[in-house]
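Participant: Curious how this folds, go ahead:
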Amino acid sequence: MTATRRLAAILAADVAGYSRLIGADEGGTLERLRALRHELLDPKIAEHKGRLVKTTGDGLLVEFGSVVDALRCAVEVQREMPGRNTGFPPDTRIEFRIGINMGDIVVEDGDIFGDGVNVAARLEGLAEPGGICVAARVQEDVAGKLDLVFEDIGEQALKNIARPVRAYRVMMAGGPTAVHASSGPPLPDKPSIAVLPFQNMTGDPEQEYFVDGMVEEITTAISRLPWLFVIARNSSFTYKGRAVDVKQVARELGVRYVLEGSVRKASNRVRITGQLIDTATGAHIWADRFDDTLDDIFELQDQVASGVVGAIEPKLRLAEIARATRKPTEGLDAYDLYLRALAKSRELTPQTNREAIQLLHQALEIDPSYAPAAGLAAYCYHDQKSQGWVAPMGPEVAEGVRLARRAIEAGMADPDTLWMAGFAMAYLAAQHATGIAAISRALALNPNCAHAWGYKGILESYLGQMNQAIDSLERALRLSPLDPLRYYFETGISLALLGAHRFEEAMDRVDRGLREQPRHYALFRIKVVLCGLLGRIEEGREWVERLRAVQPGFTVTALKAHMATFFSKEMIELGVEGARKAGLPEE
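Facilitator: The predicted structure is shown next:
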């Protein structure tokens with residue numbers, strides 16, 4: 001038969017946790033699926049003019065002439081399923097995941113192929129059990145035609161699909177907030193995570209205690225992040241030894257994120273892998289592995305727990321920022337405003353800095369006691385002074401100090417608030433002791449806070465403790481090697497190396513920082529100084545021009561005044577010497 005092409009709406013569905021259901025009760029599961037086909041699925045498909053193309057053990061593929069018919073069919077099926085699961089324990093319920101796409105298909109011998117089909121299948125994988133996920137074109141075509149609400153979950157990179165696909169989760173008006181009935185608690189009012197038992201792949205049952213200890217250490221370390229809701233170990237370990245569907249686990253525990261992993265062993269070496277999953281979208285936010293020896297099991301557990309937490313914290317922040325950015329403006333609370341401001345602040349431009357501060361003041365109007373907003377606002381005012389966007393002793397500096405004090409008083413249990421506010425106090429008001437005390441408390445609360453280690457190192461460089469500063473900053477980079485603030489850590493290391501008269505190494509760190517963030521003007525100033533001290537006068541003059549282009553009128557006198565707020569006399573003299581040699585004007 002000749003293949004033909006046509007435009008069609010494609011519905012792909014499968015049974016969530018099918019392997020688990022079959023493993024638990026093969027005969028009963030198959031009998032219930034046959035009944036569902038006969039009593040619900042086939043009649044609904046026929047009612048909405050669909051054509052059942054094929055079935056697999058756990059799923060089916062259906063073609064419709066219109067997306068309205070396809071989506072109406074899917075919604076009616078999902079609305080009926082909770083009633084058909086009544087009386088069954090949560091782990092034996094049959095729940096469908098459905099994906100719908102509109103696209104070009106190839107029809108041959110009654111079967112259908114092509115990207116249109118593949119995208120539908122991948123969207124089904126993004127749907128929650130009992131839920132529906134659709135492509136943007138489907139959402140656009142049914143807008144206003146069905147009594148449905150859609151949640152934009154952003155562009156998704158789908159396996160074996162060349163282009164990103166914008167996807168939407170279907171919500172239902174006039175009924176439950178989501179298509180499916182939840183079998184677990186609602187999501188808490190802050191990001192939530194469960195650390196599942198890691199799989200013991202060592203082949204040695206006696207290593208079970210090591211694997212479980214690893215998970216316990218990781219759970220304890222993550223629990224030190226106060227902005228996260230972490231499920232207790234006892235609840236997570238009820239899934240030990242079971243093949244699980246992470247989306248089902250997330251529903252039952254009431255969390256958005258799940259961390260899972262495995263441990264493998266060969267001779268005296270061990271490999272630990274981990275992956276962090278956003279169960280709302282199915283996206284893998286982070287994945288990594290750790291290789292080491294089993295010489296000191298407890299030390300290895302500490303190292304892996306520290307590495308996992310340091311790595312996933314910024315990834316979780318980025319995922320939360322993306323979620324807040326997609327949220328409708330009228331639905332924003334203080335936390336969402338804080339996340340949006342955090343994203344704006346990292347762009348490091350005068351405009352986005354002002355926008356971040358405005359968002360943070362809005363957050364404080366909603367919740368005057370919300371310490372993270374006050375801490376981030378203080379840090380944004382630090383950026384204004386550091387970048388030369390405001391007068392060195394202008395009203396913005398005073399406002400930053402006021403907010404930093406407020407944040408420290410209100411945020412004594414929040415590590416992020418403490419490091420931001422502490423550093424702002426040291427930079428804006430030269431209150432180094434207050435800054436160090438706040439950051440030290442942050443590290444007592446969360447020893448794996450990469451930002452606290454980084455800004456501790458920067459303050460140590462201000463105080464002339466150069467070797468200690470380098471150690472703190474290198475620890476920050478080890479904890480969070482892909483951190484959005486990596487450029488600031490490189491800045492701190494370059495300052496410490498400059499103070500230790502290791503000029504070539506300092507220049508290398510300056511260049512690394514500039515590759516990460518070419519708009520960080522502190523690096524321009526350090527570059528000028530190092531060019532002078534290294535005798536690279538022509539390059540130094542070029543950087544003097546760049547510096548004065550972004551900070552007009554900047555001179556040796558201005559540099560001296562800028563450094564006087566927080567650097568030692570010796571460091572100021574070194575900076576002035578290098579700047580003069582590079583050709584920075586005196587006045």
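
Participant: quick one: contacts of stretch 496-503?
Facilitator: Identification of contacts with stretch 496-503 by CB atoms under 8 Å, 6 or more residues apart in numbering yields 457, 460-461, 464, 466-467, 469-470, 473, 505-506, 509, 526, 529-530, 533-534, 570-571, 574-575. (Each C-beta comes from the backbone N, C-alpha and C, glycine too.)

Participant: could you flag which of these are buried?
Facilitator: Listed as buried from those are 457, 460-461, 464, 466, 469-470, 473, 506, 509, 526, 529-530, 533-534, 571, 574-575; burial here means 16 or more other CB atoms under 10 Å.

Participant: Is the closest residue in space to Gln139 that isn't next to it in sequence bridged to anything, and to what?
Facilitator: Closest residue in space to Gln139, ignoring its immediate chain neighbours: Tyr168 at 4.6 Å, by CB to CB, 6 or more residues apart in numbering. Taking DSSP bridges as the rule, Tyr168 bridges to Val134, Asp152.

Participant: Test my guess that Tyr168 contacts Gly154.
Facilitator: No. Taking contacts as CB atoms under 8 Å, Tyr168 lies outside contact range of Gly154: 9.5 Å.

Participant: Show me what secondary structure element comes after the helix or strand encompassing Ala356.
Facilitator: Here Ala356, judged by DSSP states H and E, is contained in helix 350-366. Moving toward the C-terminus from helix 350-366, the next helix or strand (DSSP H and E) is helix 371-386.

Participant: The following helix or strand past that next one: which residues count as buried?
Facilitator: Where DSSP H and E defines the elements, the next helix or strand beyond helix 371-386 is helix 395-410. Using 16+ other CB under 10 Å as the test for burial, helix 395-410 gives Glu396, Val397, Glu399, Gly400, Val401, Leu403, Ala404, Arg405, Arg406, Ala407, Ile408, Ala410.

Participant: Just the CA atoms of helix 395-410, as PDB, please.
Facilitator: This file holds the C-alpha atoms of helix 395-410, laid out as PDB (Å, rounded to 0.1, in the frame of the first residue of the first chain):
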ATOM      1  CA  PRO A 395      21.300  57.300  49.500                       C
ATOM      2  CA  GLU A 396      21.300  53.900  47.800                       C
ATOM      3  CA  VAL A 397      24.200  52.800  50.000                       C
ATOM      4  CA  ALA A 398      22.400  53.900  53.200                       C
ATOM      5  CA  GLU A 399      19.300  52.000  52.100                       C
ATOM      6  CA  GLY A 400      21.400  48.900  51.400                       C
ATOM      7  CA  VAL A 401      22.800  49.100  55.000                       C
ATOM      8  CA  ARG A 402      19.400  49.600  56.500                       C
ATOM      9  CA  LEU A 403      18.000  46.500  54.600                       C
ATOM     10  CA  ALA A 404      21.000  44.400  55.500                       C
ATOM     11  CA  ARG A 405      20.500  45.100  59.200                       C
ATOM     12  CA  ARG A 406      16.800  44.300  58.900                       C
ATOM     13  CA  ALA A 407      17.600  41.000  57.000                       C
ATOM     14  CA  ILE A 408      20.200  39.900  59.600                       C
ATOM     15  CA  GLU A 409      17.700  40.500  62.500                       C
ATOM     16  CA  ALA A 410      14.900  38.700  60.700                       C
END
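
Participant: Now do it: which elements does it pack against?
Facilitator: Contact here means 3 or more CB pairs under 8 Å, 6 or more residues apart in numbering; DSSP states H and E; on that basis helix 395-410 packs against helix 371-386, helix 415-429.

Participant: and whichever helix or strand comes after the shortest one, what other elements does it pack with?
Facilitator: Pointing back at helix 415-429 there. Next along the chain after helix 415-429, taking DSSP H and E as the criterion, comes helix 432-445. Counting contacts by 3+ CB pairs under 8 Å, 6+ apart, helix 432-445 is packed against helix 415-429, helix 450-462.

Participant: if we can go back for a sec, can I get the helices and strands packed on helix 395-410 in CSV including distance to Val544, mean neighbour count and mean pLDDT?
Facilitator: Conversion of the helices and strands packed on helix 395-410 to CSV gives the following (distance: least, CB to CB, whole Å; neighbours: other CB atoms under 10 Å; pLDDT from 0 to 100):
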stretch, distance to Val544, mean neighbour count, mean pLDDT
helix 371-386, 19, 26, 95
helix 415-429, 24, 28, 94
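
Participant: This completes my enquiry, with thanks.
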